[in-house]
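>>> Give me a model of this one.
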Amino acid sequence: MFMGDSNLKGAGEVFEYTPEQIQEIVKCQSDIIYFAEKYFKIITIDEGEIYIKMYDFQKKIIKSMMEPPDGKRHICLLSGRQIGKTTISSIYILHYILFNSDKTVGILANKEDTANEVLRRIKLAYLNLPYFMQQGIQDGGWNIKSLLLENGSKIVTGTTSSSSIRSKSVSLLYVDEFAHIADHLIKEFQESVFPTIYSRKTSQIILVSTPKGLNHFHDVYTNAVKGKNSFYPIKINWWDVPGRDNEFKDNIIRDFGLQHWKQEYAAEFLGSSSTLIDSDVLQRLNYEEPILTKYGFLFKIYKIPEEGVRYVLGTDAGKGVGQDSSSIQVLKITNERDVEQVATYSNNKIDVFNFAQVIIEISKFYNEADIMIENNGEGSEVANRIWYDYEYDKIVNFEKKSLGINANVKTKLIACLSFKRYVENAWLTIHDKETIRQMTFFEERSENIFKAAGNQNDDLVTSLYWGIYFVSSNQYENQGESGAKIDKKNKLDAKKEDEEGGVEGICIIDY
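Residues are numbered from 1 along each chain as shown. Next comes the predicted model:
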């Protein structure tokens, strides 16, 4: 008895096992499905407290957790909602601590309540185990955030912060709703927590989540599918769940909409419910690694310049104070309906003067590419420096008396819709991972106004749609003739600039 509860065995209790009980323990240890269906209780709405009866897909998941296929060690489970993934994981964790000594299980989630709820389910099942199947509970080992057994195994819970389990020797790390960890926390979490677990030959990581756009969970899962990491990927399809047929699907779509269905039930990696680019198209986009980087990894090159080929730079200028980035998209134009992203640049700490030089250098590198600059705010200063100070006339001017293009409701809508048409018709090939990620959060915030959702960035999307605006406009055919109508002033000696190592060539200045 533990703390007066006759359903719990306390540490140090003497218990005489019958031969049948010993045989039962051995059978449960070797067969987790048998253990689950005979001893693991759950609470259902219709039937109340019952022993679980596992579906075939649930049995496959739990067997994969026990022995991941293909020589893998870790598990990455992708599913929609209400398929019992937390219950399946709870069974595995309970079995793990009962039949292994001196193991520590870490249960983490983006919210502390979520992690504690997983432990609560495990403790409920533990309470319903027969006395002979239990390990004794150690003093102080039965509380809302931990479970400590007499065999030395324990469970601890916490949030997905870098310090949650830093000092603990974790043998099994279970992370619930991994996709929902905030972007600003995930890098530090992975760098501080994962290496200590990877360093142990028998340790295991289980990541379980519904999708949330093309974020860190998407990266782990897709790389697992491609065999590029040590995770074994599991995806539960909506039709794997008994009772979910086309009628069920139609009812959900009718009541809540197609986007809700795709993300919450079909487990598709969507950005939001109202993205500019159709979600099915976003789902099919694949990114690549750059073949070359410059400017300290800020300039990513996917294809080097080809002689005689035409390029355009779409740009978006930021303030250079660590918030919005100054971004460049380099597009290769084969023809009006064959455009390819060949390079990107993004820097949130560069000032407008140095950004002007970077634009010129990249333009010259790509066969003196045309330059699209929106002339609002910082963009106006960048354009003036390029056009007047450096006397570089590759800016495409859409008005006779101003440089670049004015970003207003009309021009931005045209640019966005042109961008949408190019992506959805596969006229534009995109290689950059961050560009695709930003596209999954680029949505209609109000009627005909498209911006990034929440605190997400959209600088690479903005610079990309200005590049497409150029290709789809008559400026593509006129080659920026209207730009020649603007008088130049405050000219510098271009030859002297080149000789002094200014803007001639690529990647001369370290920004």
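>>> helix/strand/coil for residue 423?
Of the three states, residue 423 takes helix under DSSP: H, G, I helix; E, B strand; the rest coil.
>>> Offset the numbering so it begins at 800, please.
In the new numbering, first residue 800, that becomes residue 1222.
>>> Check it and give its pLDDT.
Predicted confidence (pLDDT) for residue 1222: 94.
>>> again, but for residue 1082
So, for residue 1082, pLDDT stands at 75.
>>> Confirm that it sits in a strand.
No - going by three-state DSSP, the assignment for residue 1082 is helix, not a strand.
>>> Distance of it relative to residue 822?
Distance from residue 1082 to residue 822, counting by CB to CB, to the nearest Å: 51 Å. (C-beta placed from N, C-alpha, C; glycine too.)
>>> So between the two, which is more surrounded?
Between residue 1082 and residue 822, counting by other CB atoms under 10 Å, residue 1082 is the more crowded of the two (14 against 11).
>>> looking at it, that one is touching residue 1067, isn't it?
Yes - with contact defined as CB atoms under 8 Å, residue 1082 reaches residue 1067; the gap is 5.6 Å.
>>> quick one: average confidence on stretch 1139-1159?
Mean pLDDT, computed over stretch 1139-1159, is 95.
>>> Ends of it, what's the gap?
With CA to CA, to the nearest Å as the measure, the ends of stretch 1139-1159 fall 20 Å from one another.
>>> buried ones in it?
For stretch 1139-1159, the buried set under the neighbour-count rule, 16 or more other CB atoms under 10 Å, comprises 1139-1147, 1149-1151, 1153-1159.
>>> Model confidence for residue 925, exactly?
Reported pLDDT at residue 925 in the predicted model: 93.
>>> Now do the contacts for the most centrally placed residue in the chain.
Most central in the chain under CA atoms, centre = their mean is residue 1014, positioned 0.6 Å from the mean C-alpha point. Neighbour list for residue 1014: 978, 982, 985, 1236 [criterion: CB atoms under 8 Å, 6 or more residues apart in numbering].
>>> which of these count as buried?
Using 16+ other CB under 10 Å, the buried ones in the contacts of residue 1014 are 978, 985, 1236.
>>> domain ranges for this structure?
818-1035, 1082-1298 (automatic domain parsing).
>>> Just send the ones you listed back as JSON lines, with distance to residue 1052 too.
JSON lines is the format used below for those (distance: least, CB to CB, whole Å):
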{"stretch": "domain 818-1035", "distance to residue 1052": "13"}
{"stretch": "domain 1082-1298", "distance to residue 1052": "17"}
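>>> between these, which gets nearest to residue 1057?
Taking CB to CB, domain 1082-1298 is the member of the domains of the chain nearest to residue 1057, at 12.9 Å.
>>> In space, what's closest to residue 1010 - neighbours in sequence excluded?
Computed as CB to CB, 6 or more residues apart in numbering, the closest residue to residue 1010 that is not its neighbour in sequence is residue 1068, at 4.5 Å.
>>> Surely the one you found touches residue 1012?
Yes - contact criterion CB under 8 Å: residue 1068 and residue 1012 qualify, at 6.3 Å.
>>> possible to save the contacts of residue 1014 as CSV with pLDDT and secondary structure?
Shown next, in CSV, are those (pLDDT from 0 to 100; DSSP: H, G, I helix; E, B strand; the rest coil):
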residue, pLDDT, secondary structure
978, 88, helix
982, 75, helix
985, 83, helix
1236, 88, helix
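>>> burial measure for residue 1096, as a count.
9.
>>> ok but it is inside a strand, no?
No - using three-state DSSP, the assignment for residue 1096 is coil, not a strand.
>>> how near is it to residue 1142?
13 Å.
>>> for residue 1230, same thing?
Residue 1230 is 9 Å from residue 1142, by CB to CB.
>>> wait, what's in contact with the residue nearest to residue 1147 when sequence neighbours are not counted?
Distances taken as CB to CB, 6+ apart place residue 1124 nearest to residue 1147, at 4.2 Å, with adjacent residues excluded. Contact analysis of residue 1124 by CB under 8 Å, 6+ apart lists 1115, 1117, 1145-1147, 1256, 1258-1259.
>>> and what of residue 842?
848, 923.
>>> Can you give me the pLDDT of it?
So, for residue 842, pLDDT stands at 80.
>>> before we move on, what SS does it have?
Following three-state DSSP, residue 842 is assigned to strand.
>>> Return the set of residues that bridge with it.
residue 848 (DSSP bridges).
>>> What's the separation between it and residue 1033?
Where residue 1033 is concerned, residue 842 sits at a distance of 25 Å (CB to CB).
>>> One more: residue 994?
Residue 994 is 24 Å from residue 1033, by CB to CB.
>>> ok, now residue 809?
38 Å.
>>> Compare those two and say which is more crowded by neighbours.
More crowded of residue 809 and residue 1033, by other CB under 10 Å: residue 1033, with 22 against 18.
>>> Next one: that one relative to residue 1094, how far apart?
With distances taken as CB to CB, residue 1033 is found 40 Å from residue 1094.
>>> and if you look at residue 887?
For residue 887, the distance to residue 1094 - CB to CB - is 47 Å.
>>> The two: which is more packed in?
residue 887 (25 against 19).
>>> name the element that one belongs to?
Secondary structure assigned from DSSP states H and E places residue 887 in helix 884-897.
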